[in-house]
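**Q** sequence and predicted structure, then a few things I'm wondering about:
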Amino acid sequence: MKEVVPLGKARDTAIFGSKAVGMGDAVRAGLPVPPGVALSGPIVDAVASGEERAIEKVAKAVRPLHGPLAVRSSAVDEDGAEASFAGQHLTLLNVPSVDEVAPALSEIWWSANSDSAITYRQRVGLFTRPSVAVVIQTLLDPDVAGVMFTKNPMSGADERVIEASWGLGEAVVAGLVIPDHFRLDRSGQVLERKPGRKSISIRGVPGGGTVEEQVSAELSERLCLDDDQLGELGRLASRSEQIYGPARDIEWAFAGGTLYLLQCRAVTRAGI
Amino acid sequence: MAGAPVDAVRRVPLFAELDRHEVEQIARLFKERRFSKGETVVREASGGAAFFLIDSGEATVSVGGADRATLQAGDYFGEIALIDEGTRSATITASSELVCYGLTFWDFRPLVQENGAIGWKLLQSMAKKLRAAEHA
């Protein structure tokens, strides 16, 4: 079905993909999630095919979202147990306006049908038509962002592990910086604070896309989270485990003094 | 407009035996895809599931790192990927801003499976290609 729904109404992973439904669960549970919509695989396919009605339907749903947009794939077989397509399908940050959404969706659709994605599908024994659902959200302009594991992914210890850096969290996710490293116990007590070397930050640029900005030497080695923020993250970890279950891998961001949940999935690293 | 220009699709030898209505059905299945200058469109020895018809711009064909040809508007590549699950025989790189129409295995196969007449004509085209290769 060619569907576009607010994130809070995305309930079926077979239609909207695991990322969209995960965000939908967060919205329904009252967690702070940037406003957004979920697109089913067929409507993304229709937009990539140039179908005017589908393009207009998506534009109408996206228009109320403010500011630049983050357009992320949420493939229905993504993040699955047997094969993860998360690295194969494109995410486009800072799509500047609703007029740029259709080309962005086309690009994401093609990323799932690119030679590298097809080679990957063949390697894992899934030479089947990709279904590319998508999440479109308001792009935050975070002061600080990163990842958090609600259980230590390396040791398996029952503690929160947080990695944080300035700007968009992609600097941490893509390994472009040595992030600040924190450990908290389940009560939120800080067990460890280790400053990293955050020599760049990723920021959106007005015309679309992102840019890597140099960070001053002083800021690079200064801790980017204070104890209040760590406390908020600890509470988000507890709430996320209540909603999704134990051992979660969370992407988060602080923007304008508010903590946002950007993604929450099961930890897949060793030790868990 | 959705799909690729019918006249451009008709010029592809694989579709040469098809009548206009059949070509129109295939043309509607194409999706536009844009590449930046320097971007790799298909990579030698990698898997692939799409056939491309160039609408505008230029691309370079290379095999084993050596440039072999330049492609431009109306040229096409990757048609065998529509039929088998084999690997790419060459690398194609956009040498300018490149706009293509792409047709995937997943969109093409159901049309052929549901339409024996199209399937038969494609077989005839493939047979001609095989004979030409034998006599080359």
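**A** Arrived safely, thanks for sending. For clarity, every value in this text was computed on a predicted model and none was experimentally measured.
**Q** identify the bridge partners of residue A:250.
**A** As for beta bridges, residue A:250 partners with residue A:148, residue A:264 under DSSP bridges.
**Q** let's see stretch B:33-42 as CSV, backbone CA atoms only.
**A** Output in CSV follows, covering the C-alpha atoms of stretch B:33-42 (Å, rounded to 0.1, in the frame of the first residue of the first chain):
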residue,chain,number,x,y,z
ARG,B,33,18.7,7.9,-11.8
ARG,B,34,21.2,10.8,-11.6
PHE,B,35,25.0,10.5,-11.0
SER,B,36,27.6,13.1,-10.2
LYS,B,37,30.7,13.5,-12.3
GLY,B,38,33.2,10.9,-11.2
GLU,B,39,30.6,8.6,-9.6
THR,B,40,30.8,4.9,-10.4
VAL,B,41,27.6,3.7,-12.1
VAL,B,42,28.4,0.0,-12.2
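**Q** buried residues in it?
**A** Under the neighbour-count criterion of 16 or more other CB atoms under 10 Å in any protein chain shown, stretch B:33-42 has B:33, B:34, B:35, B:40, B:41, B:42 buried. (Each C-beta comes from the backbone N, C-alpha and C, glycine too.)
**Q** which residues does that stretch contact?
**A** Defining contact as CB atoms under 8 Å, 6 or more residues apart in numbering or on different chains, one finds that stretch B:33-42 is touched by A:103, A:106-107, A:110, A:115, B:48, B:52, B:57, B:59, B:77-78, B:88, B:90-102.
**Q** what does chain B have sitting close to chain A?
**A** B:1-3, B:31-34, B:42-43, B:46-50, B:85, B:88, B:102, B:104, B:106 (CB under 8 Å from any CB of the partner chain).
**Q** in ChimeraX, how would I select just the buried ones from those?
**A** Buried residues among the residues of chain B next to chain A (16+ other CB under 10 Å), as a ChimeraX selection:
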select /B:2,3,31,32,33,34,42,43,46,47,48,49,50,88,102,104,106
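**Q** just the ones of the contacts of stretch B:33-42 in helices?
**A** Members of the contacts of stretch B:33-42 lying in helices (criterion: DSSP state H): A:103, A:106, A:107, A:110, A:115.
**Q** from these, which shows the smallest pLDDT?
**A** For these, the weakest pLDDT value sits at residue A:115, with 87.
**Q** quick one: contacts for that residue?
**A** Residue A:115 is in contact with B:42, B:43, B:46, B:47, B:48, B:88, counting by CB under 8 Å, 6+ apart.
**Q** tell me the mean pLDDT for stretch B:124-135?
**A** Rounded mean pLDDT across stretch B:124-135 is 86.
**Q** same deal with stretch A:92-100?
**A** 91.
**Q** equivalent analysis for stretch A:20-30, please.
**A** Averaging pLDDT along stretch A:20-30 gives 93.
**Q** contacts for the helix or strand containing residue A:252, please.
**A** Following DSSP states H and E, one finds residue A:252 within strand A:248-255. Applying CB under 8 Å, 6+ apart, the external contacts of strand A:248-255 come out as A:140-151, A:153, A:168-169, A:173, A:225, A:229, A:233, A:236-237, A:240-241, A:259-269.
**Q** isn't residue B:12 right up against residue B:76?
**A** Yes - if you go by CB atoms under 8 Å, residue B:12 and residue B:76 touch, sitting 5.4 Å apart.
**Q** which neighbours do the two share?
**A** residue B:53.
**Q** flag every buried residue along the helix ranked longest in chain B.
**A** Looking across chain B with DSSP H, the single longest helix is helix B:116-135. Neighbour counts using 16+ other CB under 10 Å place B:118, B:121, B:122, B:125, B:126 of helix B:116-135 among the buried residues.
**Q** quick check: closest non-adjacent residue to the second one.
**A** With CB to CB, 6 or more residues apart in numbering or on different chains as the criterion, residue B:121 has its nearest non-adjacent residue at 3.8 Å, and that residue is residue B:17.
**Q** can you tell me the element that neighbour falls in?
**A** Element membership for residue B:17, per DSSP H and E: none, as it lies in no helix or strand.
**Q** so what pLDDT did residue 82 get?
**A** No chain in the question, so chain A it is. We note a pLDDT of 44 for residue A:82 in this prediction.
**Q** to clarify, I was referring to chain B.
**A** pLDDT, read off for residue B:82, is 83.
**Q** now do residue A:247
**A** pLDDT at residue A:247 comes out at 92.
**Q** repeat that for residue A:269.
**A** We have a pLDDT of 57 for residue A:269.
**Q** distance check, the spatially most central residue of chain B against residue B:12.
**A** Nearest residue to the geometric centre of chain B (CA atoms, centre = their mean): residue B:51, 3.3 Å. Look at residue B:51 and residue B:12: by CB to CB, to the nearest Å, they are 8 Å apart.
**Q** overlap in contacts of these two?
**A** With CB under 8 Å, 6+ apart as the test, residue B:51 and residue B:12 both reach B:76, B:79.
**Q** list the contacts of the residue lying closest to residue A:199 once chain neighbours are set aside.
**A** In space, and not counting its chain neighbours, residue A:199 is closest to residue A:220: 5.1 Å by CB to CB, 6+ apart. Neighbouring residues of residue A:220 by CB under 8 Å, 6+ apart: A:197, A:198, A:199.
**Q** just to check, the last one is in contact with residue A:218?
**A** To tie it back to what came earlier, the one meant is residue A:199. No - with contact defined as CB under 8 Å, residue A:199 does not reach residue A:218; the gap is 11.6 Å.
**Q** out of the two, which sits in the busier spot?
**A** residue A:199 (19 against 7; other CB atoms under 10 Å in any protein chain shown).
**Q** can you pull the contacts of the more buried one?
**A** The contact partners of residue A:199, taken as CB under 8 Å, 6+ apart, are A:177, A:214, A:215, A:220.
**Q** surely residue B:25 forms part of a helix?
**A** Yes - assessed with DSSP: H, G, I helix; E, B strand; the rest coil, residue B:25 lies in a helix.
**Q** backbone phi and psi for the residue nearest to it when sequence neighbours are not counted, please?
**A** Distances taken as CB to CB, 6+ apart put residue B:111 closest to residue B:25, at 6.2 Å, once the chain neighbours are dropped. Residue B:111 has phi and psi values of phi -60, psi -40 when expressed as degrees, to the nearest 10.
**Q** which residue ranges of chain B form strands?
**A** For chain B, the strands defined by DSSP state E cover B:31-35, B:40-42, B:50-56, B:59-63, B:66-71, B:76-77, B:91-94, B:98-104.
**Q** right, I'll call it a day here.
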